[in-house]
Each structure stands twice: as structure tokens, then as C-alpha cells.
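*Asks:* got a sequence here, can you model it:
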Amino acid sequence: MAGPVTSGAGVTATHNPATRYGPALGLLASLFFMWGFITVINNTLLPHLRSVFDLSYTQTTLIESVWFIAYFVASIPSAKLIERVGYQKSLVVGLLIMAAGALGMTLAASIPSYGVTLLMLFVIASGITLLQVAANPYVAVVGKPETASSRLNLVQAMNSAGTMLAPLFGAYLILGRSKGGTSETGTVLTQAERLADAQSVILPYIIVAVILVVLAVIIARFPLPAMGNATSRHSKEERKKHSLWNHRNLVWGIPAIFIYLIAEIGVANLFINFVSQPDIANLTHEQAGRYLTFLWAGMMVGRFAGAAIMQKFDAGHVLAAFSIGAFIVMLVTVFTTGPIAMWALILVGLFHSIMFPTIFTLGIKGLGPLTEEGSGLLIMAIAGGALVVVQGWLADEYGLQWSFLLTAACELYILFYALWGSKVTNALPDQQVAAE
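*Replies:* As a prediction, this is how the structure comes out:
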């Protein structure tokens, strides 16, 4: 999934022409890659854990719900930590928190324990939240102000690269090394086979933990350009005169982000289970994990294409067109079978690609001195991914294929937002805060 753009988009830093920002930007891009990579490993981890612990769809999607609850819980503490210790140290702390969670996953696999797994995934997601809150504004201000958007797009492309490669890693090192991942759908595992399958995640998470620690050491020792302390006294005085709730595009944009996350995470998390079904593609979980790569590749391609299209067409209209496309392919997914249903579900990745950044951009448009608070609310709305458990319940009660009608309904709300909810009301002049 793409990382949200935080309030740094409206901040400029003092630019020193003698400073070379390329190495710092490249290092920061590696962070975007890693949190995209680790987030999407969950998509191959979920069917694996479903097999190991014999979970219902509700219990399986609860794993992802815990992941997104961390965004809601950790956002404000992350901001306070950054204020206290600064951006560079916060990046190091975030990476070490993620590494601790990855090592904790090896403990959960050794026991094995569903409860400890939930706890460790929460820890990893909390570390990612800290990285998101720290890295996005830093990327926005490091370097020339006029190229801030270009830098954010570049590192978000790296995030997409991570999400695209993670399913291959997970399919090979998790599903490909487990009995449940290489057996036909419906195969009942013995207790010994479940224990062996649980332990198959130890190696991949050790690899992830080592990489995260190495990154933390590099960033701790790297001479990152100083961001400076933003002075926003004038903005604080201006904020007192205005209310966030007078801006329709933000008011309707917060639930749009929330609802979009339900759609994106529901598709990604249930993809492998869906295409593995005999009447869809009849694949093993390992084989289905490879097809998941196409879903995320579509997200990456769609972002590049969408960015070019929006140079000539209104962003709201483009968002409307993509939401209609997503709605159509989800209906095809629900009401057909075989490869057609599988490729329709893969194609939704292309239509989902521009949704998060476009909704976010439309949501903060015209907020002026309120941009910082509005951005924070939109970021917290990422917690909507936690409600993917609702789709898990629908899958248990009415069938996995029918549960994707919830996704189709989400696309209709995005269409509503694109055509009406995103229209700016009470627009305020943009304000920039210069770094000292």
C-alpha cells in the first residue's frame, strides 16, 4: 500500500545549493520500500496463518485489523516523539521497533501462538507508523522546494516496488516452504505439519529484522541534512479563526480514506484464498501468491499513468473514472467464475492505484493554515483498514466471493466523493512555513 503524504507538503525548508541531497533521498527511499514490503508480506502471511491456526475468515482478517489499529493508536505518540527527539532519531527508533516486532514473530512461530502473532504485528505496524509520520515531511522539505512533489512521487514509487516484490518473497520463503502453502485447497494438516508450517516464517522474519537493524545503524550514522525547527506562530493564530468542519472536501475526505482502505486491504488480504478456490483458478497458495504480484504491479503502473493523466484532466474527474472502473471489475469478480474472476480482481489494483493520493490531495485542498490538522485527520483515517474484519465476517456468513460486494459498495462512495464530496468550500489561502 502507498504511504500517506503528511503535512510536510505545505512546508518549505531553507535550501543550501552546496548541499547534496541525492544520497539522503536515496536512503530515505529505502525506508519507503521497506515499509511497503513488510506491509504486503501480510498478504501471504494471512493464508499461511489461517492454515496453521485453523482460523475462520473473521479471525484471519482480524490479524490485519490489528495492523491498522496501530495507525490510529501510534500516530499521536509518534508526532510527540518526533517533537522531542527530532526526525533522524525517530527514524532510527521506528526501524528498531519494527526489528523488535520481526524478531517477536520468530518467537510467535516457535510457540506457536496466535495471540503473540497479533501482538508482534501490532509492534511492527507501530514502527511503520512512526516512519510514516517522520519520513514523509522530511522528504518534502529536503532539497529544492519546487521539486517537493517530484521527490514524494519518487519515494512513493519505491513504496510500490516494495509492495510488488513482497508477494514473491512471501510466496517463496513462507508459502513455498510450508505444507499448507503447497497443498491443494482444503487439505487438512496434522498437528506436526502445522508446527512445521508455523516455524517456516522464522527465517524470513530473521532476514527482515537483520535488514532493519542495518538500516537503523546506517541512518543513525548518516549525515542527514538538518530539517530545522518550523516556526508556525502566525499559522497558529490564523487557525483560531477557522474551523476544519467548514471544508466539505475534508469532512467527506476523511471517511473516503477510511472506506478506501477497507476496499484495498480486503482485496489484498483475501486475494490468495479467493483465487485458490477450485471454481476460480484452483491454485495452491504458493502459486496464488505469485499472481498477487500482478495486483501490486497494477498499483504501481496506475500511479505513474494517473500522475500523467492528471497533468491534463481534473483530479476529481480522474478519480471518478477510476472508481467506476473499480466498481465494474468488482461486479465481474462477484458474478463470474474461473480465470475471468481472478483477472478482474487483479485488475482492481490498477483502478485503486490513484485513490489514496488523490483523495488525500483533494481532502487538504484549500485548507490554508488548517492543512496540518487536516492532514493529521486523513492519516488517522488509515485505521479504516482495521474494518477489513467486516469482510471476513461476510465471507464466513455468505461466502468469500459474495463478500466482495462490500468492496463494490466502497467504490461507490469514492465515486460520490469524486463527483460531489471533494468540491472545495470556504477555501483559504495556502500558507507556507519556513524552516529556521
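
*Asks:* distance of residue 248 relative to residue 256?
*Replies:* 12 Å (CB to CB, to the nearest Å). Backbone N, C-alpha and C define where each C-beta goes, glycine included.

*Asks:* what touches both of these two?
*Replies:* residue 421 (CB atoms under 8 Å, 6 or more residues apart in numbering).

*Asks:* neighbour count for those two, which is higher?
*Replies:* Regarding residue 248 and residue 256, a neighbour count based on other CB atoms under 10 Å identifies residue 256 as having more, with 31 against 16.

*Asks:* quick one, phi/psi of that one?
*Replies:* phi -60, psi -40 (degrees, to the nearest 10).

*Asks:* ok, residue 424 next?
*Replies:* Torsion angles, degrees, to the nearest 10, at residue 424: phi -70, psi 130.

*Asks:* separation between it and residue 247?
*Replies:* Counting by CB to CB - residue 424 and residue 247 are separated by 7 Å.

*Asks:* quick one, which of the two is more surrounded?
*Replies:* The neighbour comparison of residue 424 against residue 247 (other CB under 10 Å) goes to residue 247, with 24 against 15.

*Asks:* ok so, going back, quick check: neighbours shared by residue 424 and residue 247?
*Replies:* residue 366.

*Asks:* pull the longest helix from this structure.
*Replies:* helix 22-53 (DSSP state H).

*Asks:* now do the following helix or strand past that one: which elements does it pack against?
*Replies:* For helix 22-53, the following helix or strand on the C-terminal side (DSSP states H and E) is helix 57-85. Helix 57-85 is packed against helix 22-53, helix 87-110, helix 114-141, helix 248-275, helix 371-380, helix 388-398, with contacts defined by 3 or more CB pairs under 8 Å, 6 or more residues apart in numbering; DSSP states H and E.

*Asks:* turn the ones you listed into CSV, columns for distance to residue 204.
*Replies:* CSV is the format used below for the helices and strands packed on helix 57-85 (distance: least, CB to CB, whole Å):
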stretch, distance to residue 204
helix 22-53, 8
helix 87-110, 9
helix 114-141, 13
helix 248-275, 16
helix 371-380, 29
helix 388-398, 23
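
*Asks:* nearest to residue 298, of those helices?
*Replies:* Nearest of the helices and strands packed on helix 57-85 to residue 298, taken as CB to CB: helix 248-275 at 11.1 Å.

*Asks:* buried residues in that closest one?
*Replies:* Under the neighbour-count criterion of 16 or more other CB atoms under 10 Å, helix 248-275 has 248-254, 256-275 buried.

*Asks:* please apply the same query to stretch 411-426.
*Replies:* Buried-residue list, stretch 411-426, by 16+ other CB under 10 Å: 411, 413, 414, 415, 417, 418, 421, 422.

*Asks:* which one among the residues you listed sits at the bottom for pLDDT?
*Replies:* Lowest pLDDT within those is found at residue 422 (92).

*Asks:* could you export stretch 307-316 as CSV, CA atoms only?
*Replies:* Extracted in CSV, the C-alpha atoms of stretch 307-316 (Å, rounded to 0.1, in the frame of the first residue of the first chain):
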residue,chain,number,x,y,z
ALA,A,307,0.1,11.2,-12.5
ALA,A,308,0.5,11.8,-16.2
ILE,A,309,-3.3,11.9,-16.9
MET,A,310,-3.8,14.5,-14.1
GLN,A,311,-1.5,16.9,-15.9
LYS,A,312,-4.3,17.4,-18.4
PHE,A,313,-7.5,16.4,-16.6
ASP,A,314,-9.2,17.4,-13.4
ALA,A,315,-8.1,15.1,-10.5
GLY,A,316,-11.7,14.7,-9.3
